[in-house]
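S.K.: Next one to model:
(one chain, ligands or ions: 1)
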Amino acid sequence: MDGVIVDTAKFHFKAWQRLADSLSIPFTEEQNEQLKGVSRVDSLEKILQWGNLELNNQKKLELMELKNKWYLEYVEEVNPSDMLPGTFQFLNELKNAGIKIGLGSSSKNSILILKKLGIIDFFDTIVDGNIIHMSKPHPEVFLKGAKDLGVEPSETVVFEDAISGVQAAKAGGFHCIGIGDSNILNLADLVVKSLEDVKVETLHQF
Ligand code: G6P
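M.R.: Take a look at the predicted model:
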């Protein structure tokens, strides 16, 4: 979801950066690439590790709540115009072709965001951070999604903007189309700039 269908990855980055600043931990855009697709708790652990900071569980919970509070403030105004190029057209095309659609996200805010975008009804299943136990790069999120849809990984295409997500897709035996930079998402079977560059026929090559 974040960074594939909606431009919310920048708000996760902004909120993590604010949190890192408050802890005096330097945090770069390159480091942020490693957080994409990674759960809230695992993201915090990585940031604390980069800053060589050890905190107790209570403090970690407070920091995660703070990060989420800031993130929710940033996404307050999210609306259909924040969908990334080609998203709405591609969802429509898939629906018309009778292809099942699942959402696989590490975010616990996915339903809120999908409602703001007005596209929740496109999805035949939603597997998100409230359901899964293991964060990407573990393939649980996609395996659960495929099971819900009644399809095999080998007949499913995962769309991912995150390194951890591409790793998860490949580890689960899925085909994977990367959305973004081919130098970063080099494990994907194909990398495109946005969903604007994908058609139903693109999926037939797999
Ligand atoms: C997505 C984003 C991550 C985010 C994670 C958890 O995978 O790519 O940047 O940390 O979801 O999101 P949440 O909304 O539950 O904090």
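S.K.: Domain map for this structure?
M.R.: Following automatic domain parsing, one finds the domains of the chain at 9-75, 80-203.
S.K.: tally of neighbours for the closest residue to residue 14 other than its chain neighbours?
M.R.: Using Cβ to Cβ, 6 or more residues apart in numbering and skipping residues adjacent in sequence, the residue nearest residue 14 is residue 74, 6.0 Å away. Every C-beta, even on glycine, is put in place using the N, C-alpha and C of the backbone. When neighbours are counted by other Cβ atoms under 10 Å, residue 74 registers 16.
S.K.: now residue 109
M.R.: Neighbours of residue 109 using other Cβ under 10 Å come to 21.
S.K.: Would you enumerate the residues in contact with the residue nearest to residue 14?
M.R.: Under the criterion of Cβ atoms under 8 Å, 6 or more residues apart in numbering, the neighbours of residue 74 are 11, 14-15.
S.K.: just to confirm, which helix or strand has residue 141 in it?
M.R.: helix 140-149 (DSSP states H and E).
S.K.: is it true that residue 66 touches residue 21?
M.R.: No. At 12.0 Å, residue 66 does not count as touching residue 21 under the criterion of Cβ atoms under 8 Å.
S.K.: Which of the two has more residues huddled nearby?
M.R.: A count of neighbours by other Cβ under 10 Å puts residue 66 above the other of residue 66 and residue 21, at 14 against 11.
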